[in-house]
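1. 3D, please:
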Amino acid sequence: MLFVEFRFIVFFGVLWAIYWSLRNNTWRKMVLLGGSYLFYAAWDWRFLSLILLSTVVDYLAALRIPGAANEGRKRGWLVASLITNLGVLGFFKYFNFFAASLVDLFNSLGVALNHTTLEIVLPVGISFYTFQTLSYTIDVYRGKLQPRKNPLDVALFVAFFPQLVAGPIVRASHFLPQLDQSRRWSKVAVRSCLTLFLIGFIKKAGVSDNIAPFVDQVFADPGLYSASAIWGGILLYGVQIYCDFSGYSDMAIATAGLLGYRLPVNFNAPYLASSLTDFWRRWHMSLSTWLRDYLYIPLGGNRGGRLQAMRNVMITMLLGGLWHGAAWNFVIWGGLHGVALVGHRAWISFRGEVGAGDGVGGFIRHSLGMVFTFWWVFLAWIFFRAQDLSTALEMLRVYLTFSAQGVENLGINPFGVLTLLGVAHWLASRWDLPALSERIPFRLYSVLLGAAFGVALSFVPLGYRPFIYFQF
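-> Predicted coordinates for the structure are as follows:
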């Protein structure tokens, strides 16, 4: 069930009406939980068992941790949660990948091995809700959060449908306190939520889905295309994945907001970043902060010297790449970002970081930083999007040399499209349209909203494309 589908609008409208008609907070939470399970079951009802397993294990583990007799038993309950959640994630997402890699390794050593690939269907959203529910038990273990005795609260935290299948990754410390009191309709910023949903809808259905066919053409057979077409395809993919993923996050935040709940912001104009460090402060912010707090810092973070910090950055980014998918392409993508982050740290320690406000020299360095960051991020997108390494390497060669054997061009002018979208990206970073919509007179706002939806619908292609991050 996609946010841009008519059936979702019907589903949400019915759920919204029932939810706000109730006054009892417990009944409201039960309606939301039932609706969340129904929403997920629309993908594949069998995988509800995995969400229920995570919920039960983490509920029990969190309850046991504070009262454990000693540190060893506390750690044991945490390990039980980690093994259960990461074990399920590892099996469904990585079994075939590691099995195939092991066979290739032994074959390269002259030891003939064969394996049978299992037809394992990846449960939608498993990477997101696994990281989300782990934040609960880890924070309870660290003493940062008290366990919930009410299983309904834990179940709703794990399964809350707006961000269930593609984020943002919500921390238990952020969401659970919102369950303590009944949400009030008078506190809901309706115009802001509707505007944000419209923005997300336009990003996904109006921009990303229209760009997708041209990107697919180039990545399917790059040998047919000219250098400018391949460059255009790579740049268009960067736009496609941003509009697709940030569009989902916008609609998720807006949907939750219409129910009275706040979700964290997940994107902040990432293509205006002046460094790779700045990029990861702006891109998929809920994942980057999760990796920082639950992986990078436990590995040692900045403690232990510069070399160990760089090692921890590389480990974090390599595992972050693997989180995205069971393929070496994603590992390389994570490695490229890790190398750039390490390089930026080394640059800061050597020259210091000068902002755009530090005179002409600072402005020039800031601008050059933006150009290099943009170039590197889009170089890494090649590996993220390509179906195999040979395709990625072929496109990388064209990206670096601007020389190709093919002569075919795209059916559009990608650089003209990118210029228009780049201006829109910059304007969006300067204007908070959802907040501005609250100041517009109601009648004028209603007319503008209806007109904007009408225009947006005229650009929606026939058929719906799944969100890119559903595969992760």
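2. Helices of the stretch 1-150 of the chain, start to end?
-> Using DSSP state H, counting those that start in this stretch, the helices of the stretch 1-150 of the chain run over residues 6-21, 25-44, 48-67, 71-108, 126-141.
3. for the stretch 101-250 of the chain, which spans come out with low pLDDT?
-> 101-121 (pLDDT under 70).
4. Quick check: which of the helices of the stretch 1-150 of the chain has the most neighbours on average?
-> helix 126-141 (a mean of 24; mean count of other Cβ atoms under 10 Å). All C-beta spots, glycine's among them, are computed from the backbone N, C-alpha and C.
5. Just give the number of residues close to Leu427.
-> Number of residues near Leu427 (other Cβ atoms under 10 Å) recorded here: 11.
6. centroid residue for this structure?
-> Nearest to the geometric centre of the chain sits His284, at 5.0 Å (Cα atoms, centre = their mean).
7. so which of the helices of the stretch 1-150 of the chain comes closest to Tyr271?
-> Counting by Cβ to Cβ, Tyr271 lies closest to helix 126-141 out of the helices of the stretch 1-150 of the chain; the figure is 23.1 Å.
8. Tell me the helix or strand right after the closest one.
-> Scanning forward in sequence from helix 126-141, with DSSP states H and E defining helices and strands, the next element found is helix 151-159.
9. What are the contacting residues of that next one?
-> Contact with helix 151-159 is made by 26, 29-30, 32-33, 36-37, 40, 51, 54-55, 58-59, 62, 129, 132-133, 136, 148, 170, 172, 175-176, 179, as judged by Cβ atoms under 8 Å, 6 or more residues apart in numbering.
10. And the following helix or strand past that helix, what's buried?
-> Heading C-terminal from helix 151-159, the first helix or strand you meet, by DSSP H and E, is helix 172-175. In terms of neighbour count (16 or more other Cβ atoms under 10 Å), helix 172-175 has its buried residues at 172, 174-175.
11. Leaving out sequence neighbours, find the closest residue to the residue nearest to the centre of the chain.
-> Beyond its immediate neighbours in the sequence, the residue positioned closest to His284 (Cβ to Cβ, 6 or more residues apart in numbering) is Asn266, lying 6.2 Å away.
12. among the helices of the stretch 1-150 of the chain, which is nearest Ser429?
-> For these, distance to Ser429 was read as Cβ to Cβ. The smallest value, 25.6 Å, belongs to helix 126-141.
13. So, low pLDDT: which residues of the stretch 251-400 of the chain?
-> Across the stretch 251-400 of the chain, the ranges flagged by pLDDT under 70 are 351-358.
14. let's go with 80 and repeat that
-> Segments of the stretch 251-400 of the chain classed as low confidence (criterion: pLDDT under 80) are 304-305, 326, 348-363.
15. all helices in it, in order from the N-terminus.
-> 276-282, 285-291, 297-299, 306-324, 328-351, 359-385, 389-401.
16. closest one to Val10 among those helices?
-> Judged by Cβ to Cβ, the one of the helices of the stretch 251-400 of the chain that comes nearest to Val10 is helix 285-291, at 28.5 Å.
17. quick one on the thing from earlier: quick one: residues contacting the residue nearest to the centre of the chain.
-> Listed by Cβ under 8 Å, 6+ apart, the contact partners of His284 are 167, 245, 266-267.
18. Equivalent analysis for Gln217, please.
-> Neighbour list for Gln217: 225, 233, 410 [criterion: Cβ under 8 Å, 6+ apart].
19. Out of these, the closest to Gly369 would be?
-> Nearest to Gly369 out of the contacts of Gln217 is Gly233 (Cβ to Cβ; 25.4 Å).
20. Determine the number of other residues adjacent to the closest one.
-> 26.
21. and the angle for whichever strand or helix holds it with helix 6-21?
-> Using DSSP H and E, Gly233 sits in helix 227-258. Here helix 227-258 points in a direction 20 degrees away from that of helix 6-21 (axes from the mean of the first three to the mean of the last three Cα atoms, to 10 degrees).
22. Tell me how many other residues crowd Asp250.
-> A total of 26 residues lie near Asp250 under the criterion other Cβ under 10 Å.
23. Spatially, what comes nearest to Trp376 if we skip its sequence neighbours?
-> Ala340 (5.4 Å).
24. oh sorry, the question was meant for Trp20
-> Distances taken as Cβ to Cβ, 6+ apart put Trp185 closest to Trp20, at 5.9 Å, once the chain neighbours are dropped.
25. Report the contact partners of Ile211.
-> Contacts of Ile211 were listed using Cβ under 8 Å, 6+ apart, and they are 236-237, 239-240, 243, 417.
26. Which strand or helix spans it?
-> When elements are defined using DSSP H and E, Ile211 is found to belong to helix 209-220.
27. what secondary structure does Gly411 sit in?
-> Going by DSSP: H, G, I helix; E, B strand; the rest coil, the secondary structure assigned to Gly411 is coil.
28. surely it meets Asn210?
-> No. Checked against Cβ atoms under 8 Å, the pair Gly411 and Asn210 is beyond contact range at 11.5 Å.
29. With neighbour numbers in mind, choose between those two.
-> Residue environment comparison for Gly411 versus Asn210 gives the larger neighbour count to Asn210, 17 against 10, counting by other Cβ under 10 Å.
30. ok, now which ones touch the residue lying closest to that one once chain neighbours are set aside?
-> Distance criterion Cβ to Cβ, 6+ apart; nearest residue to Asn210, sequence neighbours excluded, is Pro461 at 5.8 Å. If you count contacts by Cβ under 8 Å, 6+ apart, Pro461 has them with 205, 209-210.
31. mind giving me JSON lines with those residues and columns for distance to Thr391?
-> Putting the contacts of Pro461 into JSON lines (distance: Cβ to Cβ, whole Å) gives the following:
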{"residue": "Ala205", "distance to Thr391": "28"}
{"residue": "Asp209", "distance to Thr391": "23"}
{"residue": "Asn210", "distance to Thr391": "23"}
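32. and which of the residues you listed is nearest Gly260?
-> Gly260 lies nearest to Ala205 out of the contacts of Pro461, by Cβ to Cβ, at 26.0 Å.
33. where's Phe197 relative to Lys203, distance?
-> The spacing between Phe197 and Lys203, counted by Cβ to Cβ, to the nearest Å, is 11 Å.
34. more crowded one of the two?
-> Taking neighbours as other Cβ under 10 Å, Phe197 and Lys203 compare with Lys203 leading, 28 against 23.
35. Now do the contacts for the nearest residue to Val140 once chain neighbours are set aside.
-> Once flanking residues are discounted, Val140 sits nearest to Ala62: 4.4 Å by Cβ to Cβ, 6+ apart. With contacts defined as Cβ under 8 Å, 6+ apart, Ala62 is in contact with 81, 136-137, 140, 147-148, 154.
36. which of these are the two that sit furthest away from each other?
-> Of all pairs drawn from the contacts of Ala62, the one with the longest distance (Cβ to Cβ) is Ser81 and Arg148, at 14.2 Å.
37. distance of Ser186 from Tyr445?
-> Computed as Cβ to Cβ, the Ser186 to Tyr445 distance reads 18 Å.
38. If you count surrounding residues, which of the two has more?
-> Tyr445 (17 against 6).
39. The more buried one contacts Arg439, doesn't it?
-> No. Under the criterion of Cβ under 8 Å, Tyr445 lies out of contact with Arg439, with a separation of 9.1 Å.
40. Common neighbours of the two, please.
-> With Cβ under 8 Å, 6+ apart applied, the contact sets of Tyr445 and Arg439 do not overlap.
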